[in-house]
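Engineer: Sequence first, then the predicted structure, then my questions.
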Amino acid sequence: MENSSRRYTEEEVTDIVREALDSHPDTRGTIGHDELVEIARKSGVSRDHLESAIETRESKEKLEGFKTKWLEKQKKEFTDHLKFYLFINVVLLGVTLFTNSDAWNVGWVSVWGIFVLLHAAGAYSPNDEKTEKGAMEMLNAELKEKEQRRRDKFDALMEEYE
């Protein structure tokens, strides 16, 4: 069957290459970077465009990882807030029972409870913009940390040579 003049959509190419990789015993569903560069070259894609696309993909994957971390952090902070809220309520109930007081600070506890509920809503169903912003902040903090460690290593090396 002659298919040399046939053109394939991006989706078809993806599916065909994925199926070929999965069915080939030597690749186990993956190919190496150099092989990818060669495929791109033969397809008329420059190495610069390919490397840029790889970098973009890796950045998106990294950002998705930070989104997951940020969401987990939000849920943990909410859980800690809820535990503290419940602890304080138990203490207040104990004080009320111990002192035989009729007032249990219901108003104060109710107002705080509203904030706990708002915190739950933010932790378990944040909007995409807030999630993206939180993930970007975490990513930037990690990049600053890495840069600081790199500078510290460089400074240490410079001190050794002085």
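Structural biologist: Alright, I've got the coordinates.
Engineer: What helix or strand is the nearest residue to Glu142 once chain neighbours are set aside located in?
Structural biologist: Distance criterion Cβ to Cβ, 6 or more residues apart in numbering; nearest residue to Glu142, sequence neighbours excluded, is Phe66 at 7.9 Å. Any C-beta I mention is one placed from the backbone N, CA and C, and that applies to glycine too. Using DSSP states H and E, Phe66 sits in helix 47-98.
Engineer: for Arg7, same thing?
Structural biologist: With DSSP H and E as the criterion, Arg7 is inside neither a helix nor a strand.
Engineer: Can you give me the neighbour number for it?
Structural biologist: When neighbours are counted by other Cβ atoms under 10 Å, Arg7 registers 6.
Engineer: Then Leu92?
Structural biologist: Neighbour count for Leu92, taken as other Cβ under 10 Å: 15.
Engineer: before we move on, what about Phe66?
Structural biologist: 21.
Engineer: where does it land on pLDDT?
Structural biologist: pLDDT, Phe66: 93.
Engineer: Kindly provide the distance from it to Gly113.
Structural biologist: Separation of Phe66 from Gly113 (Cβ to Cβ, to the nearest Å): 31 Å.
Engineer: Tell me which residue of the protein is furthest from the middle?
Structural biologist: The C-alpha centroid of the chain is most remote from Asn100, which lies 50.4 Å away (Cα atoms, centre = their mean).
Engineer: Show the contacting residues for that one.
Structural biologist: Residues near Asn100 by Cβ atoms under 8 Å, 6 or more residues apart in numbering: none.
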